[in-house]
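Asker: no letters, just coordinates:
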Ligand SMILES: Cc1cc2nc3c(=O)[nH]c(=O)nc-3n(C[C@H](O)[C@H](O)[C@H](O)COP(=O)(O)O)c2cc1C
């Protein structure tokens, strides 16, 4: 009996040690310093905001991704976040499905607001899986990257909070002369599985991001420039 218990303990400890090693090995990408200044006024960004679902071939950079993720859920001057949260619980998490971004390998990343870094969760270009999960909404395949906003609960407040976050991303994208849109129509199970969420976490919005086709004079989509 003792042997059996010891064996079980060893197996259990082995599993725990293994899980720790795996987590430690997760690649981290420190994001470029956030810029708190822009040549585009808030008023101009509000005026120009629109949903963009077709993207050009002008590169999306790591600096762009840094800025967008910070706008979504980064740390603010008060030490809290760029978007408000009911009871300051901050139940939202931000992921990035990266296909083609300058200086960032394709993969799935989780945004760590405290360290302003990305934690790599999966390798490779997952945009084909993303577009299937998003029921063929082409913007998620065409966009070099998509921001995925998830919540650790399904209470009403989570949906309200996601609205704040999405508007921040819209405005930041506009100020950077990038295009984005919110995508809320998707197969919930497929997308949660793709992101690797457990049963307590749920995807609420996907926001594909890319340059505007007119910026490189192409038609977007099939542009081979
Ligand atoms: C709750 C919500 C869900 C939406 N879902 C989608 C969607 O699944 N796919 C999409 O392309 N746009 C989606 N949109 C974007 C709207 O289609 C878009 O905001 C609307 O056409 C107005 O255009 P504008 O954003 O350019 O003002 C959604 C918007 C909201 C607020």
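Answerer: Sure thing, it's come through. Note that this is a predicted model, so its numbers are computed, not measured. Numbering: from 1, shown residues only.
Asker: what's the first helix or strand after the helix-or-strand element of the chain with minimal mean pLDDT?
Answerer: One helix or strand of the chain scores below all others by mean pLDDT, DSSP states H and E: helix 2-25, with a mean of 40. Going down the chain from helix 2-25, the next helix or strand is strand 28-30, by DSSP states H and E.
Asker: which other residues reach the helix or strand that comes right after that next one?
Answerer: Per DSSP H and E, strand 28-30 leads on to helix 42-48 as the next helix or strand towards the C-terminus. In this structure, residues lying in contact with helix 42-48 by Cβ atoms under 8 Å, 6 or more residues apart in numbering are 171, 172, 174, 175. Where you see a C-beta, it was placed from the backbone N, CA and C, and this is true even at glycine.
Asker: now residue 209: closest residue in space, sequence neighbours ignored.
Answerer: residue 180 (4.7 Å; Cβ to Cβ, 6 or more residues apart in numbering).
Asker: backbone phi and psi for that neighbour, please?
Answerer: Dihedral angles of residue 180 (phi, psi; degrees, to the nearest 10) stand at phi -150, psi 170.
Asker: pretty sure it contacts residue 51?
Answerer: Yes: Residue 180 is in contact with residue 51 according to Cβ atoms under 8 Å; the separation is 7.4 Å.
Asker: tell me which of those two has more neighbours.
Answerer: Each of residue 180 and residue 51 has its neighbours counted (other Cβ atoms under 10 Å); residue 180 has more, 29 against 12.
Asker: same for the strand or helix carrying residue 129, what does it pack against?
Answerer: Here residue 129, judged by DSSP H and E, is contained in helix 127-133. Using 3 or more Cβ pairs under 8 Å, 6 or more residues apart in numbering; DSSP states H and E, the elements in contact with helix 127-133 are helix 139-142, helix 188-195.
Asker: what about stretch 135-155, how long is it end to end?
Answerer: Distance across stretch 135-155, first residue to last, is 25 Å (Cα to Cα, to the nearest Å).
Asker: one more: stretch 175-195?
Answerer: Length of stretch 175-195, first residue to last, Cα to Cα: 28 Å.
Asker: what residues sit buried inside it?
Answerer: Within stretch 175-195, the residues scored as buried using 16 or more other Cβ atoms under 10 Å are 175-176, 178-183, 186, 190-192, 194-195.
Asker: again with stretch 97-113
Answerer: In stretch 97-113, counting by 16+ other Cβ under 10 Å, buried: 97-99, 101, 104, 106-113.
Asker: for residue 28, what are its contacts?
Answerer: 112, 115, 117, 118, 119, 120.
Asker: same thing but 10 Å
Answerer: Contacts for residue 28 (Cβ atoms under 10 Å, 6 or more residues apart in numbering) come out as 109, 112, 115, 117, 118, 119, 120.
Asker: now the two most distant members of those residues.
Answerer: 115 and 120 (13.7 Å; Cβ to Cβ).
Asker: so for the two, which sits in the more crowded spot?
Answerer: Higher neighbour count among residue 115 and residue 120: residue 120, with 18 against 12, using other Cβ under 10 Å.
Asker: give me the below-cutoff pLDDT ranges for this protein.
Answerer: Low-confidence segments of the chain, defined by pLDDT under 70: 1-24, 222-225.
Asker: which residues of it lie near the ligand?
Answerer: Those residues of the chain that sit near the ligand, judged by Cβ under 6 Å from any ligand atom, are 50, 51, 53, 137, 181, 182, 183, 184, 185.
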